[in-house]
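# Below: sequence and its predicted model.
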Amino acid sequence: MTPQPQPPVPFDQLTFNDAASVLAPGSLDGKALVDVRTPEEYADGHIKGSINVPLPRFQDPAQVDQVVEELKQYKEGVVVTCFQSIKRGPTAASHLVARLKELGLDTSSVCVLKGGVEGVQNDPALAAHVEGKAGPAH
């Protein structure tokens, strides 16, 4: 019998890091910046250097292991974001943390980008990190 996936980790158990520290020079070395919005939203505007892994891949037990494999190359951790990092980003992170726990892997290096892409693009000191013009979900 295949074990049932564990429910996602509650949001209050996730780590939220501010954009200034996440995007500081060298701070993303060895880390994945994962944008969980749709491919269309990502194409409209995203943080430079981010990769697009849509939220449904984290929620689908058949795909989350593949996501874990894809992210293993980032030895220093995973930073998850979406437009505002209010719902989709934390949801993806909670599913990822739950699966990593099930697999007996380290979860301490998974965090959510506080304020998301919108927060970065609206901060004059950080706006240059965004390619295109991100907007709310279509």
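Received the coordinates, thanks.
# what about Gln59, neighbour count?
16 (other C-beta atoms under 10 Å). The C-beta positions use only the backbone N, C-alpha and C, and glycine is treated the same way.
# Could you do the one 5 residues further on as well?
Close neighbours of Val64, defined as other C-beta under 10 Å, add up to 20.
# Tell me which other helices or strands the helix or strand harbouring it touches.
Val64 is located in helix 61-71, with elements delineated by DSSP states H and E. Under the contact criterion of 3 or more C-beta pairs under 8 Å, 6 or more residues apart in numbering; DSSP states H and E, helix 61-71 touches helix 55-59, helix 88-102.
# Just want the angle from that helix to helix 88-102.
Angle between the axes of helix 61-71 and helix 88-102 is 90 degrees (criterion: axes from the mean of the first three to the mean of the last three C-alpha atoms, to 10 degrees).
# Mind exporting the C-alpha coordinates of helix 61-71 to CSV?
Provided in CSV are the C-alpha atoms of helix 61-71 (Å, rounded to 0.1, in the frame of the first residue of the first chain):
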residue,chain,number,x,y,z
PRO,A,61,2.0,13.8,-4.9
ALA,A,62,3.0,12.3,-8.3
GLN,A,63,5.0,15.4,-9.1
VAL,A,64,6.4,16.7,-5.8
ASP,A,65,9.2,14.0,-5.8
GLN,A,66,10.3,15.2,-9.2
VAL,A,67,10.4,18.8,-7.9
VAL,A,68,12.5,17.6,-4.9
GLU,A,69,14.9,15.9,-7.3
GLU,A,70,15.1,19.1,-9.5
LEU,A,71,15.9,21.2,-6.4
